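Q: model this:
(one chain, ligands or ions: 1)
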Amino acid sequence: MPAHPDHAELHYGDKVLKLPVTVGTEAEAGIDISSLRKETGAITLDPGYVNTGSCESAITYIDGEKGILRYRGIPIEELCERSTFLEVCYLLLYGELPTKDELDDFTNDIRTHTMLHEDVKRFFSVFPKKAHPMAVCAAVIGALSTFYPKSMDPRDHKQRDISTARIIAKLPTIAAYSFKHSIGQPFMYPQNKFDYSSNFLHLMFATPTEDYEVDPVIAKALDKLLILHADHEQNCSTSTVRMVGSSGANMFASLSAGVMALWGPLHGGANSAVVEMLQRIHESGDGGRAYMQAVKDRKEGIRLMGFGHRVYKSYDPRASILKTTTYEVLEKLKKSNPLLDVAVELEEIALKDSYFVERNLYPNVDFYSGLIYQAIGIPVNMFTVMFALGRLPGWIAQWREMQNDPATRISRPRQIYTGSAKRAYVPLEKRSPRRE
Ligand code: CMC
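A: Here you go, the predicted structure:
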C-alpha cells in the first residue's frame, strides 16, 4: 500500500496552507481543502467532480484499476454467488449480513408493504400510454410522500426505517404497474408468498386470466442482476440522492430525484442504449465496422455504449459476471440471441483497438445486462427501471449514512462567474435585438 503524507502544502500568493490528508481503509487519500476559501479567498474548479470526494463513506469500495467492487467489504462475486438481493439490501443498509432471524424479520417487513394505496394506483391511469416508465416511476415515488406525511422528517429514525421498508417493497409494484399501464393490462396484486424477484416477475408477467408460473432460472438471474446493481458509491444518481437529501428533503423526494438522474444515457440509460445499438449493428450486417468508425471519428452523440467508466480503468467486475451469466441464462432457457454474438464481436474489436486501449475503455455493467433482461422478457424501455430497482438499497443506504454523518452540510458547490461585469440597465425601447 502506498504511504501517504499526513498533509499537503499549498502555496498561494505569499501564503502556505497545510492541508490535512485523510486516508481510507484501502489507503486511498483525500486532501482536505475545507479551509481553502477561508484562508485564500479561492475555490477549486473540478468540472464533473473528477477529483472531488464529496464525503467519507463506509458502504462500497471500488478499485477502478484492479476491477474490485465490494459492498461493506464483501466482494461482489461472493455476494452474487451466495446471497439473495434482500440479504444484500440488509448488508448495505445496516453494515452486516443478517442472521437468520434478522433476515426473516426484514423480509417480513418488506413483504407486508408491497401493496400500493388504491389511490396511488389511480396515478398510473393519467399518464400517457407511451410515457417513459422512468418518468412514471420517479413521479409515483415522489408522490408517495403525499401519502405518508409522517415520513417528512429525515431525522425521525423510526419513520426512516418504515420508509425504507415501504419503498423497497413498493418499487417492484410501481415499476411493474408502469409497464402494465403501457400495454393496457390490468394491475396484478403483489404475492407476498414469493421472494422479491419472483414477486416482481409475477407483477410484470401474470394476468388474471392465466396461470403464471415463475421460472426459478429467471428469478435467480434477476436476483443476481439486482445484487450487481445494488450500490456503486458516489455515482451520478447516488450523489443526486445525497444532494437532494442534504437540503433536508424527505427520502421519497430524494429517491425520486435519483431515478431521474439515473435515466440519462451516460448513466443507467446506457443499458437500453446498448441493446438499441446492438440491434442497429446487427441489422447493418457489417459486424459493427461502420459504427466503430463513427465512434472513433467522434461523430456527435456516437459512443460505444456500455463501454468506459469514470472509475474503472480495467474490466468492470460486474460486466465479467454478467457476460458469463448471459451465456448461462440463454443456455438454461434454451434460447439464443444474435445480439450476444454482435456484443462479443464488438468487445473483441474494441479491446484490440488503440482508440479504446489508450483510453482504458472496457465493457461496463450495461454492456451485457440488457441481453439478460431481453432473455427474461423485459421490454427495452424498462431496462433502466430495472437498474433503479437494483440501485434502490444503495441510494437509501447512502442517504441514511449522510443523514447520520455529523460532517454533512447542505451540498452547495460554488462557481467562477464569467458573465458580464456590472453594467447599466437598458430601457425596453432602447434595446437592440439579441444576436445568436
Ligand atoms: N465510446 C467512445 N469513446 C469514449 C467512450 C465510449 N463509450 N467513453 C469514453 N470515451 C472517450 C472520450 O471521448 C474521451 O476521449 P478523449 O480523452 O480523447 O476526449 C475519453 O474516452 C474519456 O471519456 P470521458 O467522457 O471524459 O470519461 P468520463 O469519465 O467523463 O465518462 C462515461 C464516463 C461512462 C460517461 C463514458 O465512458 C461514456 O459515455 N460511456 C458510454 C455510456 C455508458 O456506457 N454509460 C454507463 C456507465 S456504467 C453504469 C453507470 O454508472 O450508470
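
Q: Show me the helices in the stretch 251-400 of the chain, by range?
A: Remark: helices assigned in the stretch 251-400 of the chain by DSSP state H, counting those that start in this stretch are 251-262, 270-284, 289-296, 317-332, 338-352, 354-358, 366-376, 383-404.

Q: no no, the stretch 1-150 of the chain
A: Along the stretch 1-150 of the chain, counting by DSSP H, counting those that start in this stretch, helices occupy 36-40, 76-82, 85-94, 100-111, 118-125, 133-147.

Q: who wins for proximity to the ligand among the helices of the stretch 251-400 of the chain?
A: Using C-beta to the nearest ligand atom as the criterion, the shortest distance between the ligand and these is 3.5 Å, found for helix 270-284. No exception for glycine: its C-beta is placed from N, CA and C like everyone else's.

Q: Could you check the angle that closest one makes with helix 366-376?
A: Helix 270-284 runs at 80 degrees relative to helix 366-376, counting by axes from the mean of the first three to the mean of the last three C-alpha atoms, to 10 degrees.

Q: Can you name every helix or strand that helix 270-284 contacts?
A: Contacts of helix 270-284 with other secondary structure elements, assessed using 3 or more C-beta pairs under 8 Å, 6 or more residues apart in numbering; DSSP states H and E, are made with helix 289-296, helix 338-352, helix 366-376, helix 383-404.

Q: Now tabulate the ones you listed in JSON lines and tack on mean neighbour count, distance to the ligand and mean pLDDT.
A: Converted to JSON lines, the helices and strands packed on helix 270-284 look like this (neighbours: other C-beta atoms under 10 Å; distance: least, C-beta to the nearest ligand atom, whole Å; pLDDT from 0 to 100):
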{"stretch": "helix 289-296", "mean neighbour count": "16", "distance to the ligand": "5", "mean pLDDT": "95"}
{"stretch": "helix 338-352", "mean neighbour count": "17", "distance to the ligand": "9", "mean pLDDT": "95"}
{"stretch": "helix 366-376", "mean neighbour count": "25", "distance to the ligand": "5", "mean pLDDT": "96"}
{"stretch": "helix 383-404", "mean neighbour count": "25", "distance to the ligand": "7", "mean pLDDT": "98"}
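
Q: Indicate which one of those is closest to residue 28.
A: For the helices and strands packed on helix 270-284, the distance to residue 28 is smallest for helix 383-404, at 17.5 Å, taking C-beta to C-beta.

Q: relative to helix 270-284, how tilted is the closest one?
A: Using the same axes, to 10 degrees: helix 383-404 against helix 270-284 is 160 degrees.

Q: and helix 383-404, what does it pack onto?
A: Taking 3+ C-beta pairs under 8 Å, 6+ apart as the contact definition, the neighbouring helices and strands of helix 383-404 are helix 85-94, helix 133-147, helix 157-183, helix 216-229, helix 236-246, helix 251-262, helix 270-284, helix 366-376.

Q: who in the stretch 201-350 of the chain is up against the ligand?
A: Taking C-beta under 6 Å from any ligand atom, the part of the stretch 201-350 of the chain that reaches the ligand is made up of 235, 266-268, 270, 295, 303-310.

Q: Using neighbour counts, trim the residues you listed to the buried set.
A: Using 16 or more other C-beta atoms under 10 Å as the burial test, those include 235, 267-268, 270, 295, 303-309 as buried.
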